[in-house]
Every structure is written in C-alpha cells, then in structure tokens.
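**Q** Structural data only, the sequence is not supplied:
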C-alpha cells in the first residue's frame, strides 16, 4: 500500500508541475472495461497478430474470417462502459490539467467518458466505410445485416478478443459478407487503421499540434511497441518536454521517461484526479493558478484521503 501511495504522490506532483498535459493512451486503459489487450507485461503478443490491411483488402476469405469473428467479438466493445481511468482523464481536462488525449484505442470510451479533445489516432470501430466509394454506415447496422445473412452464427460461443475480435477458428467458407449497395461491389471495412496501413496525415498533424502546445506527455496503458504511438513519446523527449508513464510492464520508450509508475490505470488515475481536484480547490481559494508549480510535500497526505 505504501508503494502505491508513493506512486500516486509522484504522479500527482508530475501532473501538477506540468501545465496542460497531453495524454497518450493505449489498450491498457480499457482492460478494466472488459476489452482485452494485445500484449503481455513484456510487450510481447498474447495472441496472433491482428488483421493486416493488405490481407483484408486482397482476400475474400480473410474478410469472411474477420467479419464472422467480429460478429461475435464486437459485442464486448458495444457493451463496454468507460471506467474510472477514462472518467478521471475527463475530469482532469475539465479542470485544465489535461490539454487533450491522443488515443490508440478505437473503442470510443474517452469520448463517452466526457473528454472533449480526443484524437482517435487509429479511428473508430463503431463505423464502417466502403473502400470503393467512401460511403459510411454505423457498424451495428452492418452487423445486423451480417446476422440476418448468416442465421445462427451469433449463437457460436467464443471468447472476446481485442478490438472486437473473437477467439474462434471454424470453417468460414460459407459466411456471407455483403458488398456496398451504393457502388455495387465495394468492400466494407471498419473505419480503423489496420496493421500495415498508415494513420491519415491530418490526424497525425493534429496529434503533433496537441503535443506541441502541451507542457509534457503522460503515457497511459500502452507498451508503445507500435511506431504510430511511440513517435509521440520520442518527439516529446526530443523537444525537452517531460514524459511520464503509467503502465503495467515494459514499454518501448522506457529510457525516455522522467517518471514511470507500474499500477492499474483505473485505480491510480481516479486517486490522482481526486487529489488534484482538492488541490485546485485549495489553489483557487488562495488565488493561485492550478498550473503553479507544486512541491511533492503537498501530496504527502494523499494516502489518508
């Protein structure tokens, strides 16, 4: 318990001393919402790597397998609710401590928790887009069509995987996948960045703009093994901005952090938000800014709150 209290104190001091913090989140922030992650505490794959963009586009069989598994596994994303970590970051944004969130997740939980400035680096899993004509539709609508074309498939039992996948191996040859009705033969694809694809440049530019205006970076729940997230930690360090990490296990950017805390995101961030809200109220009563530098001694009683 003492170690956890010390971790929260150290992270609270970091946030209090870093004006307008940018947050970079990954799959680890959503595991408490019931969404599995991809990697273990060493940063290695827990399962087979996810769908590759080139394979999805080139192979009808790959798309049959993907959508058949997603019809079962996506329910975990649909049913997921923001947890204490998502809500804590929204609270920190509302009080001016956090400038915005860059998330590698596609579950939409930051938005649903109330965060206002969210850059969804890898897209949104609740939308699908035609790769031929650009038409879009809600994913639940496509899933309803998939279910009607493949009766009984929803009754197949399988454990949910990351990002709406399911741990299922079967004969997918008979699974019927519809084409886009607007252009006639377009391929429906989730509006997310698959492995092997690139994050759209305007989205990357928006994320770098957030990082540039922020005083520092907090990485939450990500091993940063994928370059699309790692580059922001590297850029923050290159620019001389302080970088902290809240994550269970090894990350690709371990040597860049001025502080690393190994704890569950939901427990730590909830306690952090509560402590800093109390500090903000005290500062306002004294006429001080929430971003004024704060001594670590200020947080010495956190464990008693």
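**A** Nice, thanks for sending it over. Computed from a prediction, not measured in an experiment: that's the story for all the values here.
**Q** Name the SS class of the residue lying closest to residue 137 once chain neighbours are set aside, please.
**A** Excluding the flanking residues, the one nearest residue 137 by Cβ to Cβ, 6 or more residues apart in numbering is residue 128, at 5.8 Å. (C-beta placed from N, C-alpha, C; glycine too.) What DSSP: H, G, I helix; E, B strand; the rest coil gives for residue 128 is strand.
**Q** So what's the residue count around residue 128?
**A** If you count neighbours by other Cβ atoms under 10 Å, residue 128 ends up with 24.
**Q** Repeat that for residue 23.
**A** Using other Cβ under 10 Å, residue 23 has 27 other residues around it.
**Q** can you check residue 248 too?
**A** Residue 248, neighbours per other Cβ under 10 Å, totals 16.
**Q** SS state for it?
**A** Classification of residue 248 by three-state DSSP places it in coil.
**Q** Contact partners for it?
**A** With contact set as Cβ atoms under 8 Å, 6 or more residues apart in numbering, residue 248 has these partners: 28, 41, 262, 263, 264.
**Q** Backbone dihedrals for it, please?
**A** phi -90, psi 100 (degrees, to the nearest 10).
**Q** For it, give its distance to residue 260.
**A** 11 Å (Cβ to Cβ, to the nearest Å).
**Q** Ok, residue 125 next?
**A** Separation of residue 125 from residue 260 (Cβ to Cβ): 29 Å.
**Q** and what of residue 157?
**A** Residue 157 sits 39 Å away from residue 260 when distances are taken as Cβ to Cβ.
**Q** so where do the strands sit in the stretch 101-250 of the chain?
**A** Listed in chain order, the strands of the stretch 101-250 of the chain (DSSP state E, counting those that start in this stretch) span residues 118-120, 123-130, 136-138, 159-160, 166-167, 188-192, 217-220, 243-246.
**Q** and those, which is most packed in?
**A** Each of those was scored by mean neighbour count; the highest is strand 217-220, a mean of 28, by mean count of other Cβ atoms under 10 Å.
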